[in-house]
Structures are given as C-alpha cells and as structure tokens.
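**Q** need the 3D shape of this:
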Amino acid sequence: MTDPAASADADSTLVLLKVEEAARRLRIGRTTCFTLIRTGELESILVGGLRRVPVDAVPEYVTRLRTTQHAA
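**A** Here you go, the predicted model:
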C-alpha cells in the first residue's frame, strides 16, 4: 500500500504545499516549519484561509541557508 503523503511529496505538478508537506521535504517538524513561516524565513501564502508554501520556496530557503552558512 502506498503512502498518500509520500505520493503528494513526489507529485511534480504541485505548485503549493501544505505546511506538513514542506516540513517533510525539509526533514523538520511541523512546529519548526510554522516558526520559519512566522519569522518570514520560509515564504508562505494564504489561500482561502489555508496556509500554503510555494514549491519553489523550499529550495530557495535551503539556498539562503547554505549561502549564509558558507559566508560565516
């Protein structure tokens, strides 16, 4: 039996992720992901009252992390 969450993570047609899906891609917890969103470190938008993370925001966040850590 396939995991529906795993298939959602692998779906290349998605343009928005649930916070839980973004957290799973980053291998962090849901609460940590919401903290990144609240502080503005991870981009998110509201769609009809639902918080969503643009798919491209995840690699952009990782790139910023890598850049700042290499500069330090």
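
**Q** number of nearby residues for Ala57?
**A** 20 (other CB atoms under 10 Å). C-betas here are computed from N, CA, C, even on glycine.

**Q** try Glu43
**A** Other residues within reach of Glu43, judged by other CB under 10 Å, total 15.

**Q** ok, it - contacts?
**A** When contacts are counted by CB atoms under 8 Å, 6 or more residues apart in numbering, Glu43 is found next to 37, 53-54, 57, 60-61.

**Q** now which of these would you call buried?
**A** 37, 53-54, 57, 61 (16 or more other CB atoms under 10 Å).

**Q** report the two of those residues separated the most.
**A** Ile37 and Pro54 (11.5 Å; CB to CB).

**Q** can you show me the helices along the protein?
**A** In the chain, the segments counted as helices under DSSP state H are 4-10, 19-26, 30-38, 57-71.

**Q** buried deepest among these, which one?
**A** When those are scored by mean count of other CB atoms under 10 Å, the highest mean neighbour count falls to helix 19-26 (a mean of 20).
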